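[1] The following comprises the amino acid sequence and a computationally predicted model.
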Amino acid sequence: MTCAAQVEETTIRSNISQQEQLIEMTQLKEEYGDASDFDVERAAIILKNYETYLPELDGRIRNNEIRLSILTGGEPSVNPVDSDPIQALPAGPTAIPLGLTSEVLRRRPDVRIAERTYAIAAREIDLSKISTCPPVHTSACSAPKVRKRPTSAIFWTDRASPQT
């Protein structure tokens, strides 16, 4: 996409320079009476039309550069593709990783770094919340085992037990 947009930009810039030359020739013709004001104005309007394409085209080229940076795993602001004359496309990866777009994005180094940074920050927040709470100490105590007397011995001392 970027190469096509760069070719289009080169073509438009060439058309602009040709249209500027055409305006100069039309102005000369007007001086000699071979052309009218209408012809000069029409040539100027055509030039303005060509010039209006450039900002949109520059935006498309920049968007394509950002997309390429994302796909190659770089940061968009750090890794712009040069807008110099059209260059050969860089060699692609030998194997294309399969999977969802979200999985491909997770493989990017900057996304991994961002996820790890988030996990560390979340852990630090949890630790700071814990440090604001008062400490709780628990302990256990064991007592010697006491033998229980049978309940029949409490109620039936010297008398005959009800079982007899």
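    Nice, I can see it.

[2] need the next SSE after the helix or strand where P55 lies, C-terminal direction.
    P55 belongs to helix 37-72 when assigned by DSSP states H and E. Remark: after helix 37-72, the chain's next helix or strand is helix 101-107, criterion DSSP H and E.

[3] who touches that next one?
    I70, G73, P97, V111, R112, E115 (Cβ atoms under 8 Å, 6 or more residues apart in numbering). C-beta: built from backbone N, CA, C; applies to glycine.

[4] Go again with 6 Å.
    Helix 101-107 is contacted by residues V111 when judged by Cβ atoms under 6 Å, 6 or more residues apart in numbering.

[5] What angle do helix 37-72 and the helix or strand that comes right after that helix make with each other?
    Using DSSP H and E, the helix or strand that follows helix 101-107 in sequence is helix 109-132. Using axes from the mean of the first three to the mean of the last three Cα atoms, to 10 degrees, the direction of helix 109-132 lies 60 degrees away from that of helix 37-72.

[6] what pLDDT, on average, does helix 109-132 get?
    For helix 109-132, the mean pLDDT works out to 88.

[7] same thing with stretch 46-54?
    The average pLDDT for stretch 46-54 rounds to 89.

[8] hmm, who's touching that stretch?
    Residues outside stretch 46-54 that contact it (Cβ under 6 Å, 6+ apart) are I12, N15, I16, Q19.

[9] distance of the second one from T132?
    Taking Cβ to Cβ, to the nearest Å as the measure, N15 falls 68 Å from T132.

[10] for the third one, same thing?
    For I16, the distance to T132 equals 66 Å [Cβ to Cβ].

[11] Pick out whichever of the two has more residues nearby.
    I16 (18 against 6; other Cβ atoms under 10 Å).

[12] For that one, which non-adjacent residue is spatially closest?
    Residue nearest to I16 in three dimensions, not counting chain neighbours: Y50, with 4.9 Å by Cβ to Cβ, 6 or more residues apart in numbering.

[13] do the same with R13
    Going by Cβ to Cβ, 6+ apart, R13 has L54 as its nearest residue, at 7.8 Å.
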